[in-house]
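Colleague: Any chance you could fold what I've pasted below:
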Amino acid sequence: MRDEAIRNTHSSVVSIMGGAEAFDADGASVTIDEALVAPELARLQAAYAALDYSRNRKEAYDLLNQDEMRYDDLVNSTTTWQDAIAAIKQEFPK
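Modeller: Numbers count the residues shown, from 1 in each chain. Okay, the predicted model is just below:
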């Protein structure tokens, strides 16, 4: 994420080595202004954290055989699939 923050705040940067050294298209060193990078890094981290529930839900959804669950619910007049989805949403709320 630090590399992304550097690129977002320093438009001339095309290459970053070790998160500390940055270079432009000509290979010249670009001085990294930490006063710009720090708040951008914090913003990116907050945006990533805000979507944590989404990543967790997707992981749980992927464990379900949803097509088969929906078919079985249709044939058996049950709500197994809906119940499973609701449980995942409750476990990982927005």
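
Colleague: How is the chain divided into domains?
Modeller: Under the assignment automatic domain parsing, the domains of the chain span 2-50, 52-91.

Colleague: Could I get those in CSV, plus columns for mean neighbour count?
Modeller: C-beta: built from backbone N, CA, C; applies to glycine. Output for the domains of the chain, formatted as CSV (neighbours: other Cβ atoms under 10 Å):
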stretch, mean neighbour count
domain 2-50, 13
domain 52-91, 12
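
Colleague: can you redo the ones you listed as a markdown table with mean pLDDT?
Modeller: Below are those laid out as a markdown table (pLDDT from 0 to 100):
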| stretch | mean pLDDT |
| --- | --- |
| domain 2-50 | 95 |
| domain 52-91 | 96 |
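
Colleague: got the contact list for the residue nearest the centre of the chain?
Modeller: The residue lying closest to the centre of the chain (Cα atoms, centre = their mean) is Y48, at 5.0 Å. Y48 makes contact with M1 under the criterion Cβ atoms under 8 Å, 6 or more residues apart in numbering.

Colleague: roughly how far is the regular element (helix or strand) spanning it from the heart of the chain?
Modeller: In the assignment (DSSP states H and E), Y48 maps to helix 34-50. Relative to its chain's centre, helix 34-50 lies at 13 Å (Cα atoms, centre = their mean, to the nearest Å).

Colleague: Could you list the residues in contact with the helix or strand just after it?
Modeller: Using DSSP H and E, the helix or strand that directly follows helix 34-50 along the chain is helix 52-62. Here helix 52-62 makes contact (Cβ under 8 Å, 6+ apart) with 85, 88-89, 91-94.

Colleague: what comes into contact with the next helix-or-strand element following helix 52-62?
Modeller: Downstream of helix 52-62, the next assigned helix or strand under DSSP H and E is helix 66-76. Residues outside helix 66-76 that contact it (Cβ under 8 Å, 6+ apart) are 78-82, 84.

Colleague: quick one: I16 is in a strand?
Modeller: Yes. Counting by DSSP: H, G, I helix; E, B strand; the rest coil, I16 is located in a strand.

Colleague: just checking, it touches A5?
Modeller: No. Judged on Cβ atoms under 8 Å, I16 makes no contact with A5 at a distance of 10.2 Å.
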